[in-house]
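Q: just coords:
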């Protein structure tokens, strides 16, 4: 049906002591910085006086500084191709300008839907020339944000294109890293988890996020399937390679030494993976692999 407005969840009731305003402020600043590539400071949200009779309110309207200049930022997050988007944006433009006649107005639509982007971003008619900015999240690979490895960038990865990666894997990674990065600050962890949940609703991933949160709550890091796999595979492969090398030399001692070296190499490769992929400390890895810290450090130095 044409008239059904797609469900649009930007804000839901927040966890405990984390204020909606604070969270939305962070979301706004993060989207601006990483996705729109502008710097937004001194945010004051323009309250819902901009609601029209149809109750069609804008997602985010902020009176702020954009790259240091006083302005209005109007931001919409779109999950579907709205055929009337250009009309809606010109309507918001007018509503906002009625109140803030003299301030520059920056309008952005961030499109995160699955189908290809088809919305018009301008109107050119005899008496009207109008345009706004559309950011197509399909063009942004989530890898970019995962690599930045900050809580702000990690939560935004959920809006990006997963480029064929398994949703659960990506979300597990995001949550695991968030927990690692905020392990000394529970308030911060709570805040970013709320932001992740918020943003995930825009892509209908909130159930997946909750399911993975539950799974991780009941699990120790070393029980994570991906973690276990890295461990076993690394050691196995090392043993195999050692045996092969040893057999080539054809001497029993070669085989023994080969197996030893293989196990060592397996352990070292595993350690490197654990340190780089799971961001564990050398101490944690040494404990996990049951070798002394000094030995591990020595091996890692040789490896470099």
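A: Received the coordinates, thanks. As the structure is a computational prediction, the values presented were derived from the model and not from experiment. Numbering: from 1, shown residues only.

Q: Give the helix, strand or coil label for residue 26.
A: Following DSSP: H, G, I helix; E, B strand; the rest coil, residue 26 is assigned to helix.

Q: what about it, how many residues close to it?
A: If you count neighbours by other CB atoms under 10 Å, residue 26 ends up with 19. Where C-beta positions appear, they are placed from N, C-alpha and C, glycine not excepted.

Q: May I ask you to confirm that it is in contact with residue 196?
A: No. Judged on CB atoms under 8 Å, residue 26 makes no contact with residue 196 at a distance of 11.3 Å.

Q: what about residue 195, helix or strand, and which?
A: helix 186-201 (DSSP states H and E).

Q: hang on, I meant residue 98
A: Short version, using DSSP H and E: residue 98 is in helix 85-99.

Q: Now that helix: buried residues?
A: Neighbour-count burial for helix 85-99 flags 85-86, 88-90, 92-93, 95-96 (criterion: 16 or more other CB atoms under 10 Å).

Q: do the same with stretch 293-304
A: 296, 299.

Q: What of stretch 106-119?
A: 106-113, 117, 119.

Q: likewise stretch 263-272?
A: For stretch 263-272, using 16+ other CB under 10 Å, the buried residues are 265-272.

Q: for stretch 144-152, same thing?
A: By neighbour count on 16+ other CB under 10 Å, the buried set for stretch 144-152 is 145-146, 151-152.

Q: Out of those residues, which sit inside helices?
A: Among these, the members found in helices (DSSP state H) are 145-146, 151-152.

Q: residue ranges with poor pLDDT in the stretch 151-300 of the chain?
A: 219-243, 245-258 (pLDDT under 70).

Q: residue ranges of the helices in it, please?
A: For the stretch 151-300 of the chain, helices defined by DSSP state H, counting those that start in this stretch occupy the ranges 151-156, 167-181, 186-201, 206-217, 225-249, 252-277, 282-289, 293-303.

Q: from the ones you listed, which stretch is densest packed?
A: Scoring those by mean neighbour count under mean count of other CB atoms under 10 Å gives helix 151-156 as the most buried, with a mean of 22.

Q: what's the burial count for residue 24?
A: Residues lying near residue 24 (other CB under 10 Å) number 20.

Q: Go through the buried residues of stretch 106-119 and name the one with the lowest pLDDT.
A: Sorting the buried residues of stretch 106-119 by pLDDT puts residue 113 at the bottom of the list (84).

Q: isn't residue 75 right next to residue 66, touching?
A: No. Using CB under 8 Å, residue 75 is not in contact with residue 66; the gap is 11.3 Å.

Q: higher neighbour count, those two?
A: The residue with more neighbours, out of residue 75 and residue 66, is residue 75; 24 against 20, by other CB under 10 Å.

Q: Name the residues linked to that one by a beta bridge.
A: Counting by DSSP bridges, residue 75 is bridged to residue 60, residue 108.

Q: sorry, back to before: any residues in contact with both of residue 75 and residue 66?
A: Common neighbours of residue 75 and residue 66, using CB atoms under 8 Å, 6 or more residues apart in numbering, are residue 32.

Q: Could I get the average pLDDT for stretch 85-96?
A: Here the average pLDDT along stretch 85-96 is 93.

Q: tell me the contacts of the residue nearest in space to the middle of the chain?
A: Per CA atoms, centre = their mean, the C-alpha nearest to the average position across the chain is that of residue 157, at 2.4 Å. Neighbouring residues of residue 157 by CB under 8 Å, 6+ apart: 142, 145-146, 170, 174.

Q: try residue 173
A: Contacts for residue 173 (CB under 8 Å, 6+ apart) come out as residue 146.

Q: ok, now residue 218?
A: By CB under 8 Å, 6+ apart, no residues touch residue 218.

Q: Please apply the same query to residue 64.
A: 40-44, 70-73.

Q: and what of residue 188?
A: Contacts for residue 188 (CB under 8 Å, 6+ apart) come out as 151, 182.

Q: What's the separation between it and residue 194?
A: Remark: distance between residue 188 and residue 194 (CB to CB, to the nearest Å) = 11 Å.

Q: repeat for residue 158
A: 13 Å.

Q: Likewise for residue 147?
A: Residue 147 is 23 Å from residue 194, by CB to CB.

Q: try residue 81
A: Using CB to CB, residue 81 is found at 28 Å from residue 194.

Q: Residue 31 too?
A: Residue 31 sits 15 Å away from residue 194, going by CB to CB.

Q: Same check on residue 33?
A: Residue 33 is 19 Å from residue 194, by CB to CB.

Q: that older thread, looking at neighbours, which among the contacts of residue 64 is most surrounded?
A: residue 73 (24 neighbours).

Q: How many residues are close by the nearest residue to it once chain neighbours are set aside?
A: Take residue 73 and drop its neighbours on the chain: the residue closest to it by CB to CB, 6 or more residues apart in numbering is residue 62, 4.7 Å away. Residues within reach of residue 62, counting by other CB under 10 Å, total 23.
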